[in-house]
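Q: pasting the sequence and the predicted model now:
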Amino acid sequence: MVLQRVRAGRSQPPANPVGLSETPEWADARSASHLLGVSEKTLGRWRKAGLLHAGVHWRRKFPSSNSPVLYHLERCNNAMNDATARSADLLETGDTGDSGVNRSRSARALRLKGMR
């Protein structure tokens, strides 16, 4: 059932007809976390880590440090995709991109610990 608004005796179509609902451009932390599929804490961690930039990916609702944060959904989604993207070469070989440097260093550290 579609609800209609009545103004001055005339009926008008609803603001968002069924099936044409649009996702808002900016959303609060709770809505953004739900729509992006991550937790509110993860959004905060990404802000602090520099993955999401102020003025581009997020902004304050009001000019106050205590004001709630709003996230630009499309830009945040693009940032998430860019951060997790790997080249086709790495996907084909299954390589993590570190060429074994970190693995060999950690293995060497474990051997040295065992020698003491």
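A: Structure received. Numbers count the residues shown, from 1 in each chain.

Q: residue 48 and residue 72, how far apart?
A: Distance of residue 48 to residue 72, given as CB to CB, to the nearest Å: 17 Å. Any C-beta I mention is one placed from the backbone N, CA and C, and that applies to glycine too.

Q: same question, residue 49
A: 17 Å.

Q: now residue 56
A: For residue 56 relative to residue 72 (CB to CB), the value is 7 Å.

Q: for residue 83, same thing?
A: Separation of residue 83 from residue 72 (CB to CB): 16 Å.

Q: of those two, who's got more company?
A: Per other CB atoms under 10 Å, whichever of residue 83 and residue 72 has more neighbours is residue 72, with 20 against 11.

Q: for that one, name its beta-bridge partners.
A: Here residue 72 sits in beta bridges with residue 26, going by DSSP bridges.

Q: which residues does it contact?
A: Counting by CB atoms under 8 Å, 6 or more residues apart in numbering, residue 72 touches 25, 26, 56, 57, 58, 59.

Q: which SSE is residue 82 in?
A: Using DSSP states H and E, residue 82 sits in helix 73-84.

Q: packing partners for that helix?
A: Contacts defined by 3 or more CB pairs under 8 Å, 6 or more residues apart in numbering; DSSP states H and E place helix 73-84 against helix 29-36.

Q: pLDDT on the helix it packs on, on average?
A: Regarding helix 29-36, the rounded mean pLDDT is 94.

Q: what about the helices in this protein?
A: 29-36, 40-49, 73-84, 88-93, 101-115 (DSSP state H).
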